[in-house]
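Participant: Sequence isn't available, so here's the structure alone:
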RNA sequence: GGCACUGUGGCCGAGUGGCUAGGCAGAGGUCUGCAAAACCUUUUACAGCGGUUCGAAUCCGCUCAGUGCCUCCA
């Protein structure tokens, strides 16, 4: 019996429909995801997005695609509400070099993502590393008539662009409404229209990060970097562009406009957006002050949390919902996930070591068919716009079988060798390789060693030297030496 | 105001025209020196009202409740 792997469908934000996934040049897939602005620690909402795309990346590879996964680091150009560059602002505040800020929070970001067992992107370009390309694209946009210089800054002319193309296709916005709705916003004096956005900004005298161009000493606009870096590494047309829902407008909308304005192509064919994390029904965000930092959730060191949760528990919790749904954080939900994850990871631990062997069981077609169905369902679930929650449900069905085999309530013979091997491959493939879950050795070694040393001490006291020797040999095999002191037993790593 | 989205059993959370999601919690049972685990069985679900249909949690309309984006956010 052959498993049907089926066809992958993805929900495309651009068309608001589920579509068959057809890469431009199979087996290659180009995927660009908007990375973090490294002016502070990543919060859990960021983690959710990158975790979701990690699973998407993993699954595409699992079903045989050769993925080039590009995720940027924004280290310049992202403005805060005061119109200041976020990195510059933070650098001034902390009296550090902007690049120190960038390095510090990039390190934090990488550390956190590796704790959650995400695969690093294949290319992680930074905005500052692509200044020349950004300046070049700005020139091209001026050349093509979609941008204008004003007082040392360069703006994208949304009104003009909208006449030739359509601005707002991604977010479903009507530009006339937006235009008539204008009030004077920051920098409004330089812009022809409030919807116009900066490609290049003239820097104030006290602005630290600045570069020389024909327009002014300044810095690039935020939206530009993604257009530049995605097309540089994936081409003018590529497959997937991802990011958080809150980037849809204006960030991704502007990106499309820049790409069309420069190359006549909109960039990605499929736009995927992850939904927000909420706390008590409200969006988790830095500005609302209701966000946890990953290390706070892991340690439990936060007023809203009853206890800490391991990175894999958090990963599991996040994957139990679909990436396009909001997910609410609460102690009870986390606790339920913690227990559920223990169950799943016990299943992983068991089947990793389990081998099929002949026993008294007689082949039961219904059993093997059921198992085949579970395996097939994992593909169906992931093929349906990466439905990790449903996939996990199917994995739990397999956990039941694994546990039954383990306790001998189900015989190997009943399911047959073929179904067993398929279940083992599929279960581990999906839990470990696709969902990126792993068994966490959450064992306190110190207390384990103390327990053994207690046994050692008792055996010595009872003059059971055979047992003493055995325990000492076993510890030694693990690189630990027991040391008999006058008044106590100690241990050390073997030199 | 404009544009989207959501409302599922005690809780979380999939499903989107007929076929058991799953997890957590609860109840009963099997197993067991005790305990735990495991396995089996199980509990009032689809916000409300109307419509389409042989049949709707699933499609359509209205109402109610909530959320996001429209200004920086993953």
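Facilitator: Received, thanks. All figures in this text were calculated on a predicted structure; none of them were measured in a lab.
Participant: Now do the helices in the stretch 151-300 of chain A.
Facilitator: Taking DSSP state H, counting those that start in this stretch, the helices of the stretch 151-300 of chain A run over residues A:158-164, A:175-180, A:222-234, A:253-263, A:294-299.
Participant: and the stretch 351-495 of chain A, which residues reach RNA strand B?
Facilitator: Contact residues (Cβ under 7 Å from any atom of the strand) of the stretch 351-495 of chain A with RNA strand B: A:373, A:381, A:384-385, A:387, A:389-390, A:392-394, A:396-397, A:399-400, A:403-404, A:406-407, A:409. C-beta: built from backbone N, CA, C; applies to glycine.
Participant: Filter these down to the buried ones and hand me the ChimeraX line.
Facilitator: Buried members of those, defined by 16 or more other Cβ atoms under 10 Å, are picked up in ChimeraX with:
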select /A:381,384,385,387,390,392,394,399,403
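Participant: Give me the distance between the residue of the stretch 201-350 of chain A at minimum distance from RNA strand B and residue A:223.
Facilitator: Residue of the stretch 201-350 of chain A nearest RNA strand B, by Cβ to the nearest atom of the strand: residue A:244 (1.7 Å). From residue A:244 across to residue A:223, the span is 15 Å (Cβ to Cβ, to the nearest Å).
Participant: Can you find which helix in chain A contains the most residues?
Facilitator: Counting by DSSP state H, the longest helix found in chain A is helix A:331-353.
Participant: Just name whatever secondary elements that one is in contact with.
Facilitator: Packing partners of helix A:331-353 (3 or more Cβ pairs under 8 Å, 6 or more residues apart in numbering; DSSP states H and E): helix A:311-319, helix A:388-406, helix A:412-428.
Participant: quick one: buried residues of it?
Facilitator: Applying 16+ other Cβ under 10 Å to helix A:331-353 flags A:334, A:337-338, A:340-341, A:344-345, A:347-348, A:351 as buried.
Participant: Residue A:244 and residue A:223: who's more crowded?
Facilitator: residue A:223 (24 against 21; other Cβ atoms under 10 Å).
Participant: Next up, the contacts around the residue nearest to residue A:299 when sequence neighbours are not counted.
Facilitator: Nearest non-adjacent residue to residue A:299, counting by Cβ to Cβ, 6 or more residues apart in numbering: residue A:308, 4.7 Å away. If you count contacts by Cβ atoms under 8 Å, 6 or more residues apart in numbering, residue A:308 has them with A:297-301.
Participant: thinking again about what came up before, which residue, other than its chain neighbours, is closest to the residue of the stretch 201-350 of chain A closest to RNA strand B?
Facilitator: residue A:49 (4.8 Å).
Participant: which element follows the helix or strand harbouring the one you found toward the C-terminus?
Facilitator: Assigning secondary structure by DSSP states H and E places residue A:49 in helix A:44-62. Counting by DSSP H and E, the element after helix A:44-62 in chain order, helix or strand, is strand A:66-71.
Participant: and whatever helix or strand comes next after that next one, average pLDDT?
Facilitator: Using DSSP H and E, the next helix or strand after strand A:66-71 towards the C-terminus is helix A:86-94. If you average the pLDDT over helix A:86-94, you get 91.
Participant: Give me the contact list for the longest helix of chain A.
Facilitator: Outside helix A:331-353, the residues touching it (Cβ under 8 Å, 6+ apart) are A:304-307, A:309-310, A:312-314, A:316-317, A:320, A:392, A:395-396, A:398-399, A:402-403, A:406, A:423-424, A:427-428, A:431-432, A:437-440.
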